[in-house]
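Colleague: Structure for the following, please:
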Amino acid sequence: MSNSNSNITFAGGKVTVLGDAVKVGDKAPEFTALSNKLEPVNLSDFDGKVKIIVVYPSIDTGVCAAQNRRFNVEANNLEDVVVLSVSVDLPFAQARFCGAEGLDKIITLSDHKDLDFGKKYGYVIEELRLLTRGTVIIDKDNTIKYVEYVPEITNDPDYDKALEVAKGLL
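Modeller: The predicted structure is shown next:
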């Protein structure tokens, strides 16, 4: 485990984050998660697009909901960009939330089955079997251009920095 994901807290208490932290310049590891139709989706399904991966513990919390609302709004202004919203929520909960909120620009992916994304990108909270909060930006050639592991899970990610990087790739 690298230092960028090893000093994370949840409501002030230290948590253990599993998996290898990815870093800028790495080739983005392929992963598989489930769509809200219970179908496998791979990172490679979005080859040729800039990918913003929004990572969070649960869609049913205030900060996570705000995180998804913000990136959904921003996605309206970004061509050739796909926003992948990843948590271990069940696909049904993700679909219910997006439907109720009218979020139609993000693609929700559930990592609940195998934690494939969480393990490969270093986002699994061992104690809770949830994903920690953060953002990953991957360019059209599948190179990681931005990574954030939010130090305190109850805080918002740095939206402005992530969006600046994503816009710079267009």
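
Colleague: Name the nearest residue to E30, ignoring sequence neighbours.
Modeller: Spatial nearest neighbour of E30, chain neighbours left out: L43 (5.3 Å); criterion: Cβ to Cβ, 6 or more residues apart in numbering. Backbone N, C-alpha and C define where each C-beta goes, glycine included.

Colleague: can you pull the pLDDT of the one you found?
Modeller: pLDDT, the model's per-residue confidence, is 98 for L43.

Colleague: The one 10 residues further on too?
Modeller: For I53, the pLDDT comes out at 96.

Colleague: same check, this time on the one 3 residues further on
Modeller: Here the pLDDT value assigned to Y56 is 91.

Colleague: What does the residue nearest to it when sequence neighbours are not counted show for phi and psi?
Modeller: Using Cβ to Cβ, 6+ apart and skipping residues adjacent in sequence, the residue nearest Y56 is C64, 4.1 Å away. Per-residue torsions, C64: phi -60, psi -40 (degrees, to the nearest 10).

Colleague: What's the local residue count around C64?
Modeller: By the measure other Cβ atoms under 10 Å, the count of residues near C64 is 22.

Colleague: Identify all contacting residues around the lowest-mean-pLDDT helix or strand in the chain.
Modeller: For the chain, the helix or strand with the lowest mean confidence is helix 62-75, at a mean of 79 (criterion: mean pLDDT, DSSP states H and E). Outside of helix 62-75, the residues that reach it under the criterion Cβ atoms under 8 Å, 6 or more residues apart in numbering are 52, 54, 56-59, 81, 83, 85, 87, 97-98, 101, 103-106, 133, 154-157, 159, 163.

Colleague: Which members of those residues are classed as buried?
Modeller: Burial of these was assessed by neighbour count (16 or more other Cβ atoms under 10 Å); the buried members are 52, 54, 56-59, 81, 83, 85, 87, 97-98, 103, 105-106, 133, 157, 163.

Colleague: so where do the helices sit in this protein?
Modeller: With helices called from DSSP state H, the chain shows them at 62-75, 91-101, 116-121, 159-168.

Colleague: what does the second one contact?
Modeller: Surrounding helix 91-101, the residues in contact under the criterion Cβ under 8 Å, 6+ apart are 34-38, 59-60, 65, 68-69, 72, 85, 87, 103-104, 106, 108-110.

Colleague: So which of those belong to strands?
Modeller: In strands, judged by DSSP state E, the following of the contacts of helix 91-101 are found: L34, S85, S87, I106, T108, L109, S110.

Colleague: How about the contacts made by the last one?
Modeller: Yep, that's S110 we're talking about. Contact criterion Cβ under 8 Å, 6+ apart gives A33, L34, S35, N36, V86, S87, V88, D89, L90, P91, Q94 as the residues in contact with S110.
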